[in-house]
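*Asks:* when you get a sec, could you give me coordinates for this:
(2 chains, ligands or ions: 2)
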Amino acid sequence: MIVADRKPLKEILEMLKGYNRILVVGCKGCVSVCNVGGSKEVGILASILKIAGKKNGLNLKVDEKTLERQCDPEYVDLLKDMVDDYDVILSMACGVGPQFLSERYPESRCLPAVNTTFFGGAVQHGVWSERCAGCGTCVIHFFDGMCPIARCSKSLLNGPCGGSADGKCEISKDVDCIWDMIVRKKMEQGRLDDLLKFMPAKDWTTARDGGPRKSVREELVQ
Amino acid sequence: MSELKSGSNLEKVLKAGHFAFTGECGPPKGANVEHLKEKIAPLKGMVDAVNVTDNQTAVVRMSSWAASTIMCQEGVEPNFQMVCRDRNRLAIQSDILGVYAMGIRNMLCLSGDHQRFGNHPQSKNVYDIDSMQLIALVKQMRDEGTFMNGEAIDVPPRLFIGAASNPFADPFEFRVYRLAKKIEAGADFIQTQCIYNMEKFRQFIKRAVDMGLHEKCYILAGVTPMKSVGMATYMAKQVPGMDVPDSLIQRLRGAGKGKVAEEGIQFALEQIEEFKDMEGVAGVHLMAIEWEHRVPEIAERAGVLPRPVV
Ligand code: SF4
Ligand code: SF4
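*Replies:* Numbering: from 1, shown residues only, chains lettered A, B, ... in the order given. Ligands and ions are numbered 1, 2, ... in the order given. Model prediction:
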């Protein structure tokens, strides 16, 4: 899923300065699952904004709405009768949400309430960890299903750098060295030979480096 | 290894079968050419080539290619270092052509320390290619005369290709294979990470010799004299992939006030003595960090002077 963190309240208040009618829009997709932008979090943020407004002597109108998804025009459309009643739409979806809202409602101001961080999953309750960098040409079959592009701090493809120590990455003891995991698994399973093969430089044209991307599924295009 | 690949002094010294002795010099944190020249001067005639570091520990300094050029002008042979952290393949290839055009003949290919360690942790992390791919690229440019994309190079760069090996990083059992892979990719010589744990290094080099790696490539053992107990404990605890045994820290402590640096040098000299006779070791890479002025004394006491003229 796409993982996000809520922006600091200070930053949200700063961007909302001057707006009195606010619609906080959540998303039932990834951000609900990672507990950052679902209906519950929308409710919490809306109350916080109201309280903050009162403190500043403002009587803010803050309403809540959580869509099935914000990355789908079909659901984004459901706001069409509401948006005109607000000065601003504050999206709690990943970075896709505010952009789909902006595109659909060009007259409205749409702002992000979260920082979108990475593609990953929950490794324990309340902890999410990165797994994929969306490089567009998956190569993890070479590495027993572990991704050095997203998970090695240097995206190395030919083995661990000289900073790998005790299973941790040189950048921090809180970061696992994915190469340590790949090497150990290959050695345990007697497939070290796989790692002796030279991996040539990656073609990054399918990644963000090749420019903004688009996926066209001809059979579905009407 | 019949014909010369680059014609560098380091290559000639190694090829002639001499025990090589290389040094290291970090460019200044600024454009202070005089300061750089002061650091270079004591190295002249003391070593076969001098590594010029590339924004080491991810701290911005004068570019390694520019400092290498100045070193050439000063009559000292540089070993130009390049890390993959700061440049994509376009910049890498043009810099390789550039250094060769300026008379540089040795190049050390490295991944580089992550920028999070340095003074611009906010910077973008490039790593378009990794150190293994960099080695292979320099070899391709030299031996096939083509760029990474296959296009012909008008006057290919003839460089003596170096790579690093850290026998002390994890997983230990894999390190010798990674070394083999670097040699396979095109490394002509290897400089190891600073060695303090001699026992572990002996095991490592034995495995390399068993695999015949020392016959395919020159392996230079990395030595950095400890200047203080603080430096030793810092390296032991704070530098990932560095193995400083407690016994060494105790030994330095035991030296007593004012005598620690001498004890550090003494340990380095003992190491060099052992490396001279160690099968698989073709020389020593002395990284006397911010201690360039002590290199002549260390070289003298290590009995590696005069340096061979080949
Ligand atoms: S190789 Fe690319 S697509 Fe596959 S997991 Fe890694 S970043 Fe994602
Ligand atoms: S320590 Fe491991 S994860 Fe970190 S940069 Fe090196 S190889 Fe990659």
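
*Asks:* would you mind finding the longest helix in chain A?
*Replies:* helix A:39-55 (DSSP state H).

*Asks:* now whatever helix or strand comes next after that helix against helix A:39-55, angle please.
*Replies:* As assigned by DSSP states H and E, the chain's next helix or strand after helix A:39-55 is strand A:61-67. Orientation of strand A:61-67 against helix A:39-55 (axes from the mean of the first three to the mean of the last three Cα atoms, to 10 degrees) gives an angle of 170 degrees.

*Asks:* partners of strand A:61-67, with directions?
*Replies:* Partner strands and pairing direction for strand A:61-67 (DSSP bridges) are strand A:21-27 (parallel).

*Asks:* export only the CA atoms of the strand it pairs with, formatted as PDB.
*Replies:* Coordinates of each C-alpha in strand A:21-27 appear next as PDB, following Å, rounded to 0.1, in the frame of the first residue of the first chain:
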ATOM      1  CA  ARG A  21     -15.000  27.000   5.500                       C
ATOM      2  CA  ILE A  22     -13.000  23.800   5.400                       C
ATOM      3  CA  LEU A  23     -13.900  20.400   4.000                       C
ATOM      4  CA  VAL A  24     -11.700  17.600   5.300                       C
ATOM      5  CA  VAL A  25     -11.800  14.700   2.800                       C
ATOM      6  CA  GLY A  26     -10.600  11.300   3.800                       C
ATOM      7  CA  CYS A  27     -10.000   8.100   1.700                       C
END
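
*Asks:* what lies in contact with that strand?
*Replies:* Applying Cβ atoms under 8 Å, 6 or more residues apart in numbering or on different chains, the external contacts of strand A:21-27 come out as A:16, A:32, A:37-39, A:41-42, A:45-46, A:49, A:60-71, A:79, A:82-83, A:85-94, A:97, A:101, A:113. In short, each C-beta sits where N, CA and C put it, glycine included.

*Asks:* PyMOL command to pick out the buried ones of these?
*Replies:* Command for PyMOL that selects the buried part of the contacts of strand A:21-27, burial taken from 16 or more other Cβ atoms under 10 Å in any protein chain shown:
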select buried, chain A and resi 16+32+37+38+39+41+42+45+46+49+60+62+64+66+67+69+70+71+79+83+86+88+89+90+91+92+93+94+97+101+113
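
*Asks:* rewinding a little: and the longest helix of chain A, how far out from the chain middle?
*Replies:* 23 Å (Cα atoms, centre = their mean, to the nearest Å).

*Asks:* could you do stretch A:20-36 as well?
*Replies:* 13 Å.

*Asks:* give the buried residues for it.
*Replies:* In stretch A:20-36, counting by 16+ other Cβ under 10 Å, buried: A:22-34, A:36.

*Asks:* ok, which stretches of the stretch 51-200 of chain B are helices?
*Replies:* B:64-73, B:89-101, B:131-139, B:172-185, B:198-210 (DSSP state H, counting those that start in this stretch).

*Asks:* from those, which stretch is densest packed?
*Replies:* helix B:131-139 (a mean of 25; mean count of other Cβ atoms under 10 Å in any protein chain shown).

*Asks:* ok, it near chain A or not?
*Replies:* Yes. Using Cβ under 8 Å from any Cβ of the partner chain, helix B:131-139 reaches chain A at B:131-133, B:136-137.

*Asks:* returning to that earlier point: of the buried residues of stretch A:20-36, closest to ligand 1?
*Replies:* A:Cys30 (15.7 Å; Cβ to the nearest ligand atom).

*Asks:* apart from its neighbours in sequence, what residue is nearest the closest one?
*Replies:* A:Met1 (3.8 Å; Cβ to Cβ, 6 or more residues apart in numbering or on different chains).

*Asks:* how about the residues of chain A near ligand 1?
*Replies:* A:132-135, A:138-140, A:147, A:149-150 (Cβ under 6 Å from any ligand atom).

*Asks:* OK, now which residue of the stretch 151-300 of chain B is nearest to chain A?
*Replies:* B:Asn166 (3.2 Å; Cβ to the nearest Cβ).

*Asks:* check contacts around that residue.
*Replies:* B:Asn166 neighbours (Cβ under 8 Å, 6+ apart): A:162-163, B:175, B:192-193, B:241.

*Asks:* who wins for most neighbours among these?
*Replies:* The most crowded member of these, judged by other Cβ atoms under 10 Å in any protein chain shown, is B:Arg175 (26 neighbours).

*Asks:* tally of neighbours for the nearest residue to it once chain neighbours are set aside?
*Replies:* Residue nearest to B:Arg175 in three dimensions, not counting chain neighbours: B:Pro167, with 5.3 Å by Cβ to Cβ, 6+ apart. If you count neighbours by other Cβ under 10 Å, B:Pro167 ends up with 26.

*Asks:* ok, now B:Glu215?
*Replies:* B:Glu215, neighbours per other Cβ under 10 Å, totals 11.

*Asks:* and it, its phi and psi?
*Replies:* Backbone geometry at B:Glu215, expressed as degrees, to the nearest 10, gives phi -90, psi -10.

*Asks:* tell me the contacts of it?
*Replies:* Neighbours of B:Glu215 in contact, by Cβ under 8 Å, 6+ apart: none.

*Asks:* with the one 4 residues further on instead?
*Replies:* Listed by Cβ under 8 Å, 6+ apart, the contact partners of B:Ile219 are B:165, B:189-190, B:192, B:205, B:208, B:213, B:280-282.

*Asks:* among the residues you listed, which ones lie close to ligand 2?
*Replies:* Of the contacts of B:Ile219, not one also sits near ligand 2 (Cβ under 6 Å from any ligand atom).

*Asks:* which ones among these lie within strands?
*Replies:* Those of the contacts of B:Ile219 mapping onto strands are B:165, B:189-190, B:192, per DSSP state E.

*Asks:* which of the contacts of B:Ile219 sit farthest apart?
*Replies:* Farthest-apart pair in those is B:Phe189 and B:Ile205; separation 14.7 Å (Cβ to Cβ).

*Asks:* closest one of the contacts of B:Ile219 to A:Val183?
*Replies:* B:Ser165 (15.3 Å).

*Asks:* okay, now the closest one: neighbour count?
*Replies:* 26.

*Asks:* so how far is ligand 1 from the most far-flung residue of chain A relative to its centre?
*Replies:* Relative to the centre of chain A, and counting by Cα atoms, centre = their mean, the farthest-placed residue is A:Gly190 at 36.5 Å. Here A:Gly190 is placed at a distance of 24 Å from ligand 1 (Cβ to the nearest ligand atom, to the nearest Å).
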